[in-house]
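Q: Sharing a sequence plus its predicted fold:
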Amino acid sequence: MDLILPILRKEHKKHGYLSEDILKKISKKTKVPVSRLYAVATFYTMLHTEKQGKNIIEICGSPSCYLNGELDLENFLEKELNIEFGQTTKDKKISLYKTSCIGCCDKAPAMLLNGKAITNLTKEKVKTILKKCRS
Amino acid sequence: MQILEKTELKALKKARNLGPKKTISLLNKKGLTGRGGASFPTGKKWEFALKQKSKEKYVICNADEGEPGTFKDKFIMQKNPETLIEGILIASETIGAKQAYIYLRGEYENLKSKLEKTITKVIRKAKTKVNIEIILGAGAYVCGEETAIIKSIEGFRGQPYLKPPYPPVEGLYGKPTVINNVETLTAAAHAILLDNWNSLLRLFCISGDVTKPGVYELPAGIKLSEAMKLAKPKNPVKSVYFGCFGGCMPYKDIELTHDNICGEDCVSGSCTMIVVDNTRSIVDLAYVISKFFAYESCGKCTPCREGSVRILLLIKKIRQGKATAQDLNLLQELGEHIGQTSLCGLGQSCTNHILTSLKHFRKDFEKELR
């Protein structure tokens, strides 16, 4: 029996998102209806069916991060990137999301940059990250 | 720390010598209960699965640690993965499962490669027929719920379903399945091996308005003030939140036991404490937590899907200064209904924070009324 979620994750990693074409190909290979693959792909926050930016930033909005000044960073990110959460910058370099707790509460505030946790965030640190993402 | 003691396959050896039945009665005698939040006796769970006559059985290690403010399982997987893997092997061999899965949350992807290496190493040394595979989640809080994990691994949307049948009877692919949390499986190895194993020691995750956040191993029953002395709050403590689902209580120097916490209408669950000091408004916390639940509701049952959004809108209205006393009553009523009528633990507990904060900090809400 094929494990669907690992296959979807693998293809997502390869292409950066799961387009209709990609899902159809997976469907052919696994014999799982494309409707179900789409249902699964749209259930999880880390799987996308639209093309994403080169870098994905997900800032943690849980209480521990909130209590350590995450809200300022949210505003800062939106202003710096000139987009809202859930959007991608025009140059397709950065997609911006909020995420639920990422388990870095002892080093709050924290974010995931392309799946990697970056902790003890400050505006300065975020600035450096954005600079790297844009280059 | 007791949880970091290395068992070096001696616990597995002892369990093999004892055999399934005696291993389970030893766990029952030692008093190991689930550390994921529900505190179900671990030995009993294994016993249910052992009794099932089935060629195929499964063990799932729940490493989908999504409760905000909780990071103890990550701590164990980083510091003592060998003992965790040993615990999984003990559970599998005891109930007769040949396949085990670690359902690791997507946010912990960076732990995967080290865990895989540990699995290979431990399995080779243990000479076992059990296969352990890591399945990476992809971002869904509800997938910490056991039936949602099953659906997720089976390749469906990770949405919970009604129990019974319970997983030890009918779980993954309809086969008997034991699902235990990371801390529980690690502690199982300790409980079996160590004569002086202390069942009261738990991992507390303390974060929020403190200068020394972290994982602390403390005995259940310790005074809240003692825990705070370790975590060093920045200012006088106003309230403690037991994760997002556990509700909040005003700072009181109670002994942290299950009964005492429930006496405050809170749920201790996985021993998570988010400390909130007296510079904060509880309404702001209610906003942050309501946003979380509206975002994470899986959408399957109506009370949680629609209710969590209604709660968020009401809190927004309060923060905008547009709400009336009637809205507060509606908030209360809605909170009670959602809790009583939702399908799974997420929905049933998603308004604990509203009900407890309205009970203990109503003044914070009233201050912002029209």
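A: Structure received.
Q: CA-only coordinates of stretch B:212-229 in CSV, if you can.
A: C-alpha atoms of stretch B:212-229 as CSV (Å, rounded to 0.1, in the frame of the first residue of the first chain):
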residue,chain,number,x,y,z
LYS,B,212,13.9,31.3,32.0
PRO,B,213,11.6,29.4,29.7
GLY,B,214,12.2,25.8,29.0
VAL,B,215,11.5,22.1,29.8
TYR,B,216,11.6,21.3,33.5
GLU,B,217,11.3,17.8,35.0
LEU,B,218,9.2,18.3,38.1
PRO,B,219,7.1,16.0,40.3
ALA,B,220,3.4,16.3,39.9
GLY,B,221,2.1,18.0,43.0
ILE,B,222,4.8,20.7,43.1
LYS,B,223,3.6,24.1,44.1
LEU,B,224,3.1,26.6,41.3
SER,B,225,5.3,29.1,43.1
GLU,B,226,8.2,26.6,43.0
ALA,B,227,7.8,26.2,39.3
MET,B,228,7.7,30.0,38.9
LYS,B,229,10.9,30.3,40.9
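Q: Pull out the buried positions in it.
A: The neighbour-count check on stretch B:212-229 (16 or more other C-beta atoms under 10 Å in any protein chain shown) flags B:213-218, B:220, B:222, B:224, B:227-228 as buried. For the C-beta atoms, the positions are set from N, CA and C on the backbone; glycine is no exception.
Q: could you pull out the strands for the stretch 201-350 of chain B?
A: B:201-208, B:214-219, B:237-241, B:248-250, B:272-277 (DSSP state E, counting those that start in this stretch).
Q: Nearest to residue A:70 among those would be which one?
A: For the strands of the stretch 201-350 of chain B, the distance to residue A:70 is smallest for strand B:201-208, at 12.0 Å, taking C-beta to C-beta.
Q: Would you mind checking the average pLDDT for that closest one?
A: In this model, strand B:201-208 carries a mean pLDDT of 97.
Q: cool, and stretch B:270-282?
A: Here the average pLDDT along stretch B:270-282 is 96.
Q: buried set for the strand or helix carrying residue B:120?
A: Using DSSP states H and E, residue B:120 falls within helix B:112-126. Counting neighbours by 16+ other C-beta under 10 Å, one finds that the buried residues in helix B:112-126 are B:112, B:115, B:118-119, B:122-123, B:126.
Q: and chain A, which residues reach chain B?
A: Contact residues, chain A versus chain B (C-beta under 8 Å from any C-beta of the partner chain): A:1-6, A:8-9, A:32, A:36, A:39-40, A:43-47, A:61-64, A:66-68, A:98-108, A:112, A:115-117.
Q: pLDDT weak spots in chain A?
A: Applying pLDDT under 70 to chain A flags the ranges A:1.
Q: The helix holding residue B:120 and chain A in contact?
A: No: for helix B:112-126, no contact with chain A is found by C-beta under 8 Å from any C-beta; the gap never falls below 10.5 Å.
Q: Just the C-alpha atoms of that helix, please, in CSV.
A: C-alpha atoms of helix B:112-126 as CSV (Å, rounded to 0.1, in the frame of the first residue of the first chain):
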residue,chain,number,x,y,z
LYS,B,112,13.9,13.4,10.8
SER,B,113,17.4,12.5,9.6
LYS,B,114,18.9,12.1,13.0
LEU,B,115,15.9,10.0,14.2
GLU,B,116,16.2,7.8,11.1
LYS,B,117,19.9,7.1,11.9
THR,B,118,18.9,6.3,15.5
ILE,B,119,16.2,3.9,14.3
THR,B,120,18.7,2.0,12.0
LYS,B,121,21.3,1.8,14.8
VAL,B,122,18.9,0.6,17.5
ILE,B,123,17.1,-1.9,15.3
ARG,B,124,20.3,-3.4,14.2
LYS,B,125,21.5,-3.8,17.8
ALA,B,126,18.1,-5.1,19.0
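Q: contacting residues around the lowest-mean-pLDDT helix or strand in chain B?
A: Counting by mean pLDDT, DSSP states H and E, the weakest-scoring helix or strand in chain B turns out to be helix B:258-263, with a mean of 90. Residues from elsewhere that reach helix B:258-263 (C-beta atoms under 8 Å, 6 or more residues apart in numbering or on different chains): B:39, B:220, B:242, B:246, B:249, B:254, B:267-268.
Q: what do you get if the cut-off is 7 Å, keeping everything else the same?
A: Residues outside helix B:258-263 that contact it (C-beta atoms under 7 Å, 6 or more residues apart in numbering or on different chains) are B:242, B:254, B:267-268.
Q: And the residue of chain A that's closest to chain B?
A: residue A:4 (3.0 Å; C-beta to the nearest C-beta).
Q: Near that residue, how many other residues are there?
A: 20 (other C-beta atoms under 10 Å in any protein chain shown).
Q: For chain A, find the nearest of the strands of the stretch 201-350 of chain B.
A: strand B:201-208 (3.7 Å).
Q: is chain A contacted by that closest one?
A: Yes: Strand B:201-208 lies within reach of chain A by C-beta under 7 Å from any C-beta of the partner chain, at B:205, B:207-208.
Q: Among these, which one has the most neighbours?
A: Going by other C-beta under 10 Å, residue B:207 tops the residues of strand B:201-208 next to chain A with 31 neighbours.
Q: Can you give me every residue that contacts it?
A: Contacts of residue B:207 (C-beta under 7 Å, 6+ apart): A:64, A:105-106, A:108, B:69, B:213, B:274.
Q: The closest residue to residue B:268 other than its chain neighbours and residue B:241: what is the separation?
A: Once flanking residues are discounted, residue B:268 sits nearest to residue B:261: 4.3 Å by C-beta to C-beta, 6 or more residues apart in numbering or on different chains. The spacing between residue B:261 and residue B:241, counted by C-beta to C-beta, to the nearest Å, is 12 Å.
Q: the more surrounded of the two?
A: Taking other C-beta under 10 Å, residue B:261 and residue B:241 do not tie; residue B:241 has more neighbours (30 against 23).
Q: beta partners of that one?
A: Beta bridges link residue B:241 to residue B:248, residue B:274 when assigned by DSSP bridges.
Q: what does residue B:201 give?
A: residue B:219.
Q: Just to check, it is in contact with residue B:222?
A: No: the criterion here is C-beta atoms under 7 Å, and residue B:201 misses it with residue B:222 at 10.1 Å.
Q: gap between whatever residue of the stretch 151-300 of chain B ends up closest to chain A and residue B:178?
A: Using C-beta to the nearest C-beta, the closest approach of the stretch 151-300 of chain B to chain A is made by residue B:155 at 3.0 Å. To residue B:178, residue B:155 is 21 Å away according to C-beta to C-beta.
Q: before we move on, what about residue A:29?
A: On the measure of C-beta to C-beta, residue A:29 and residue B:178 end up 32 Å apart.
Q: what domains does the record give for chain A?
A: Chain A breaks down by automatic domain parsing into domains covering A:4-43, A:55-134.
Q: which residues of chain A fall in strands?
A: A:55-60, A:94-99, A:111-113, A:116-118 (DSSP state E).
Q: Next, the contact list for residue B:360, please.
A: Contacts of residue B:360 by C-beta under 7 Å, 6+ apart are B:248-250.
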